[in-house]
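With the input below, show me the fold.
(one chain, ligands or ions: 1)
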Amino acid sequence: MVTLAELASDIQSHVKVIDSYLTEHDLPQPTFAPDSPRELPLDASVQRARMLLIETAMALSNLAIGAADNLRWHCMNNKFDDMTLHFLARYNIFDAVPRDEPISYADLSKKVGLAEHRLRRIMSMAYTQHYFCTPKPGYVAHTSNSAMAIGDPLALAWILHNIEEVQPWYSNKLVDATMKWGDSVDPKHTGPNLNAKPGEERLFYEIMEEDDQGEWNGVKGKGFRLWRLYDTDKFFGTGGAIKGTKLLQAFDWGKLGKATVVDIGGITGLLSSTVALAHPDLTFIVQEKNQPWYEKQFYEQLPPQLKGRVSYMPHDKYAEQPVKGADVYFMSTVLHKEPDEKAITILRRCVEAMDPKKSRLLTRDIVMDGGDPPPEDAVVNGRAINSKEGSYEAGLGPTGVITRLNIGIDFQVLAVVNGFERTRAEWITLFKKADPRFVLKACIQTVGNCAALMEWVLEE
Ligand SMILES: C[S@@+](CC[C@H](N)C(=O)[O-])C[C@H]1O[C@@H](n2cnc3c(N)ncnc32)[C@H](O)[C@@H]1O
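So this is what the prediction gives:
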């Protein structure tokens, strides 16, 4: 069993790797100051050390808290950490505190319309999680954690969707849903439908689409929850562990030359745009469910230099694929929400459109047994790990912080649509069921990233 002293010594060695890299490259140290770098360099050795550091520091903290206090503290405080974030987002305290100077409680209270006594109590909890700080008595200032949400509706969307929709409607009801429906994969067997009359159950996306009592970031009334959901995807996808730019490392897009990529369920086109900006020879068709307000929103947020090269096409992923013989069909986190039967329908729609001689299917999804980065000198699936690029074949790593994040994502899809993330073997079985010609050519997960990119081709 690991001891406090051993963990502390491991922590020092992981910190040393990161510290030496920052010093060598003359880079600033991360701190809680509002202008601190938001993340550590993406270099593979730094990311590997970072993952191990987080894991070790969490274990050390847990041992220091001790078994006597662990459960007591957890259940007392964790719910209020989320409640505090809820206040910060609903009253938009992130924007109300100036970036560069402290503001008094009295002024902040007037600005956001929250009584000063309550505001002080909320802020004191926020400080314990390094959101904001109190640089002098009676004043509030930003930290790095709070400053990153300034002027960012995507960050607010992430907080509000999780705390106002996922928790009360879905995850807090998951035990009841399980007691009622067991290990169901029916997407209607979820929290909001626990007391619904037969025939009145609603799917997650229907609930997100239909509510017309509200407004979010340019969409008023019907669809506002869906656009907020899309914003959460964008927020999640631009961050460290699920960064869209990792797509550029996980697949050699350049080798495609002049080619067309069909991005099925491509949401706001963020991932397509990321690749398109780096590869001017590629053309992208982003397919999404048709919504009356969607097309306008899509083109408004598309980088101007991509107009004409990244376009939107309304398409239902279960229907016949209208773009035949494309070079690449791409699906990112589309299949994980689907039970086998429906995922197979989507895959068959792709197969019907694919030209086996040139088309490939790229899917970006979690591989549940992908695990955390294996050691630098490991050989996985007969291939040496590309330590320079920090890429490795997902499927054999030990558990750690990325695994924990993936379990969280697995639970998120379980709670909202009764979906599940698949292991490498389960992905292969699913694809083979859809068409036995499917072969998994590569399954690449980059270090520090939770999703893997799987390349599938049809072979006779
Ligand atoms: C989890 S999101 C993935 C978005 C994007 N590919 C990414 O990785 O950021 C799933 C997407 O599928 C879309 N979707 C849901 N049902 C669909 C359908 N029947 N046809 C096409 N797209 C659909 C949703 O609107 C959503 O944008």
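
What's the per-residue pLDDT of residue 384 here?
The per-residue pLDDT reported for residue 384 equals 52.

swap in the one 4 residues further on?
Per-residue pLDDT puts residue 388 at 58.

The one 3 residues further on now?
The confidence metric pLDDT takes the value 61 at residue 391.

The ligand contacts on the chain?
Applying Cβ under 6 Å from any ligand atom, one finds that the chain approaches the ligand through 205, 233, 237, 265-267, 271, 288-289, 316-318, 332-334. In short, each C-beta sits where N, CA and C put it, glycine included.

Tell me how many other residues surround the nearest residue to residue 364 once chain neighbours are set aside.
Nearest residue to residue 364 in three dimensions, chain neighbours excluded: residue 332, at 4.0 Å (Cβ to Cβ, 6 or more residues apart in numbering). Residue 332: 25 surrounding residues under other Cβ atoms under 10 Å.

tell me the phi and psi of residue 332?
With angles defined as degrees, to the nearest 10, residue 332 sits at phi -110, psi 120.

wait, doesn't it sit right on residue 271?
Yes - judged on Cβ atoms under 8 Å, residue 332 makes contact with residue 271 at a distance of 5.6 Å.

The residue in the chain sticking out farthest from the centre: what secondary structure?
Relative to the C-alpha centroid of the chain, counting by Cα atoms, centre = their mean, residue 137 is the outermost residue, at 37.4 Å. Three-state secondary structure (criterion: DSSP: H, G, I helix; E, B strand; the rest coil) places residue 137 in coil.

can you tell me how far it sits from the ligand?
Residue 137 sits at a distance of 45 Å from the ligand (criterion: Cβ to the nearest ligand atom, to the nearest Å).

Return whatever helix or strand residue 87 lives in as CSV; C-alpha atoms alone will do.
According to DSSP states H and E, residue 87 maps onto helix 67-90. Output of helix 67-90 as CSV, limited to C-alpha atoms (Å, rounded to 0.1, in the frame of the first residue of the first chain):
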residue,chain,number,x,y,z
ALA,A,67,-11.1,7.8,6.1
ALA,A,68,-12.8,9.3,9.2
ASP,A,69,-13.5,12.6,7.4
ASN,A,70,-13.6,11.6,3.8
LEU,A,71,-17.3,10.6,3.5
ARG,A,72,-18.5,13.2,6.0
TRP,A,73,-16.8,16.1,4.1
HIS,A,74,-17.7,14.8,0.7
CYS,A,75,-21.4,14.7,1.2
MET,A,76,-21.5,18.0,3.1
ASN,A,77,-19.5,20.0,0.6
ASN,A,78,-19.7,18.6,-2.9
LYS,A,79,-23.3,19.5,-3.5
PHE,A,80,-22.6,23.1,-2.4
ASP,A,81,-19.6,23.4,-4.7
ASP,A,82,-22.1,22.8,-7.5
MET,A,83,-24.6,25.2,-5.9
THR,A,84,-21.9,27.9,-5.7
LEU,A,85,-21.1,27.5,-9.4
HIS,A,86,-24.9,27.8,-10.1
PHE,A,87,-25.0,31.2,-8.3
LEU,A,88,-21.8,32.4,-10.1
ALA,A,89,-23.4,31.5,-13.5
ARG,A,90,-27.0,32.6,-12.9
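
Taking the residues of the chain next to the ligand, tell me the two that lie furthest apart.
237 and 318 (23.6 Å; Cβ to Cβ).

These two - which one has more neighbours?
A count of neighbours by other Cβ under 10 Å puts residue 237 above the other of residue 237 and residue 318, at 21 against 11.

Could I get the phi/psi values of that one?
Taking degrees, to the nearest 10 as the convention, residue 237 sits at phi -80, psi -10.

isn't it right up against residue 270?
Yes - assessed by Cβ under 8 Å, residue 237 is found in contact with residue 270 at 5.9 Å.

got a list of what residue 419 touches?
Residue 419 makes contact with 185, 187, 336-339, 413, according to Cβ atoms under 8 Å, 6 or more residues apart in numbering.

Ignoring the adjacent residues along the chain, who's closest to it?
residue 413 is the one closest to residue 419 (Cβ to Cβ, 6+ apart), at 3.7 Å.

still on that earlier bit, can you say which of the contacts of residue 419 are buried?
Neighbour counting by 16 or more other Cβ atoms under 10 Å classes 185, 187, 336-338, 413 among these as buried.

Doesn't residue 286 belong to a helix?
No - under the criterion used here (three-state DSSP), residue 286 is strand, not part of a helix.

okay, residue 223: pLDDT?
89.

do the same with residue 322
What the model reports for residue 322 is a pLDDT of 97.

Give me the neighbour count for the residue nearest to it when sequence neighbours are not counted.
Excluding its sequence neighbours, the residue lying closest to residue 322 (Cβ to Cβ, 6+ apart) is residue 315, at 6.7 Å. Number of residues near residue 315 (other Cβ under 10 Å) recorded here: 22.
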